[in-house]
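Visitor: Provide a 3D model corresponding to the input given below.
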Amino acid sequence: MPHYHTLGQIPHKRHTQFRKPDGKLYSEQLFSTEGFSSHYSLLYHCHPPTEIVKVDEPYSVTPVVAEEKMLKHRSFQGFNIVPENDYLKSRKAVLVNNDCHISLAAPRQSMKEYFYKNADADEILFIHEGSGVLRTQYGQLEFGYGDYVVIPRGTIYQAEFSNADNRLFIVESFSPIRFPKRYLSHYGQLLENSPFCERDIRQPQHLETIDQAGDFTILIKKKGIMYPIHYGHHPFDVVGWDGCEYPYALSIHDFEPITGRVHQPPPVHQTFEGHNFVVCSFCPRLFDYHPQAVPAPYNHSNIDSDEVLYYVDGDFMSRKHVTRGMITLHPAGIPHGPHPGAVEKSLGAKETKELAVMVDTFHPLQITRDALIIEDEKYVMSWAE
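Guide: Residues are numbered from 1 along each chain as shown. Below is the predicted model of the structure:
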């Protein structure tokens, strides 16, 4: 949760008259989470955000699950997802459960013909390749390589890409995305022992008020169904807003790794949390400095969680044949650890240049048809090499 921010013009008091230069009232909108019991923002529109002029037929975008139950180490070549022009069509869910969906996307073109709103889930867009601007009612967020772009559910947005070469790793959370509780004070400030702080959070800037009548299509996803709804005015007609609920960006390159004399457990890498899952950042760092330290991670029994690792860049001494965009899935119930020879090879190493994103889920993940298309079926036997 980012902290209080404001852009544009707002009245002195909330829920009071706020008039345009011609004397007409601006239309106030409360954007609240968890009912009225958590974070919120107040937006002031030139026109009511309720002016629906047309509704098209909805259609299903529910991921097709291919394997609901399994107990086997899996690997997927993420960069084998075929690029597509359209942003939404390019998003391919690969691992899913009732708490989150993990997707890959390789969009070639910016969103121009429609706007998008995920009414079910907060979204984390990790930018592996590409750059651009996220345009929203709250203003603009520039993004580039290594950025986590966090978009609260219900946010209307368009993604504008600088070129056609884009690779995204996306986590949809059906609960609010938060920073780890242990890194927050009782009043929400990031503590001194947090691996990042408020200065690292990039908030929306350059609020652009588009007061334009017409036919504007917002594709709204709800319970796996996409609803094309047309509105009579441009959704970015906001003259000002304030509050604590809005999209923001945090670069993985601003994450400061926590190290120690011996190997540190994965929770030190935690960056975000949702209900029944966490997101962690593995960044370049110095290795453990005990004279007899073993830098390679120890074998770990996945008792409570499925572990997903998305490899971004750098060298990974614990794994063989790692490629950029590769995903590994180590399910709860069987141990995993370094590949043969990796432990001995790591002894004496001073640092690692690895860069990866990890998602640990506390309920099992299901594998989709799109995931099977890019699976490396030999991975399960890679410990026997």
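Visitor: Extract the residue ranges of the protein that are flagged as low pLDDT.
Guide: Of all residues in the chain, those with pLDDT under 70 make up the ranges 1-2, 317-320, 385.
Visitor: Any figure for the gap between the spatially most central residue of the chain and S173?
Guide: Nearest to the mean C-alpha position of the chain, by CA atoms, centre = their mean, lies I124 at 1.2 Å. Taking CB to CB, to the nearest Å as the measure, I124 falls 7 Å from S173. Any C-beta I mention is one placed from the backbone N, CA and C, and that applies to glycine too.
Visitor: Also Y157?
Guide: Y157 is 16 Å from S173, by CB to CB.
Visitor: Look at the nearest residue to I373 once chain neighbours are set aside and say how many residues are nearby.
Guide: Excluding the flanking residues, the one nearest I373 by CB to CB, 6 or more residues apart in numbering is N80, at 7.6 Å. The number of residues packed near N80 is 15, by other CB atoms under 10 Å.
Visitor: quick one: N80 and L372 touch, right?
Guide: No. N80 lies out of contact with L372 (CB atoms under 8 Å); the separation is 11.5 Å.
Visitor: Other residues contacting stretch 51-63?
Guide: Stretch 51-63 is touched from outside by 88, 93, 96, 101, 215, 217, 221, 224-233, 368, 370, with contacts defined as CB atoms under 8 Å, 6 or more residues apart in numbering.
Visitor: try 10 Å
Guide: Outside stretch 51-63, the residues that touch it by CB atoms under 10 Å, 6 or more residues apart in numbering are 27, 45, 88-89, 91-96, 101-103, 213-233, 366-371.
Visitor: Buried residues of it, list them for me.
Guide: Under the neighbour-count criterion of 16 or more other CB atoms under 10 Å, stretch 51-63 has P63 buried.
Visitor: Can you tell me the strand partners of the helix or strand V308 falls within and which way each runs?
Guide: Assessed by DSSP states H and E, V308 sits inside strand 306-313. Here strand 306-313 has these sheet partners by DSSP bridges: strand 326-330 (antiparallel), strand 355-361 (antiparallel).
Visitor: want to try JSON lines for those strands, with mean neighbour count and distance to S32 as columns?
Guide: As requested, those are arranged in JSON lines below (neighbours: other CB atoms under 10 Å; distance: least, CB to CB, whole Å):
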{"stretch": "strand 326-330", "mean neighbour count": "23", "distance to S32": "35"}
{"stretch": "strand 355-361", "mean neighbour count": "22", "distance to S32": "27"}
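Visitor: Can you show me the strands along the stretch 201-350 of the chain?
Guide: 201-202, 213-222, 225-233, 238-243, 248-251, 270-274, 277-282, 285-286, 300-301, 306-313, 326-330, 335-336 (DSSP state E, counting those that start in this stretch).
Visitor: can you list contacts of the fifth one?
Guide: So that's strand 248-251. Identification of contacts with strand 248-251 by CB under 10 Å, 6+ apart yields 1-3, 5, 124-125, 127, 134, 138, 141-152, 179, 196, 200-204, 271-272, 281.
Visitor: Give the pairing partners of that strand; include direction for each.
Guide: Strands adjacent to strand 248-251 in the sheet, as given by DSSP bridges, are strand 147-151 (antiparallel), strand 201-202 (antiparallel).
Visitor: do the same with the second one
Guide: Note on strand 213-222: by DSSP bridges, its sheet partners are strand 115-118 (parallel), strand 225-233 (antiparallel).
Visitor: can you pull the alpha-carbon coordinates of that strand into PDB?
Guide: Provided in PDB are the C-alpha atoms of strand 213-222 (Å, rounded to 0.1, in the frame of the first residue of the first chain):
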ATOM      1  CA  ALA A 213     -17.700  12.900 -25.300                       C
ATOM      2  CA  GLY A 214     -18.000   9.800 -27.600                       C
ATOM      3  CA  ASP A 215     -18.100   6.000 -27.400                       C
ATOM      4  CA  PHE A 216     -15.400   4.600 -25.200                       C
ATOM      5  CA  THR A 217     -15.200   0.900 -24.700                       C
ATOM      6  CA  ILE A 218     -14.000  -0.500 -21.300                       C
ATOM      7  CA  LEU A 219     -13.300  -4.300 -21.200                       C
ATOM      8  CA  ILE A 220     -14.100  -5.300 -17.700                       C
ATOM      9  CA  LYS A 221     -13.100  -8.800 -16.400                       C
ATOM     10  CA  LYS A 222     -15.300 -10.300 -13.700                       C
END
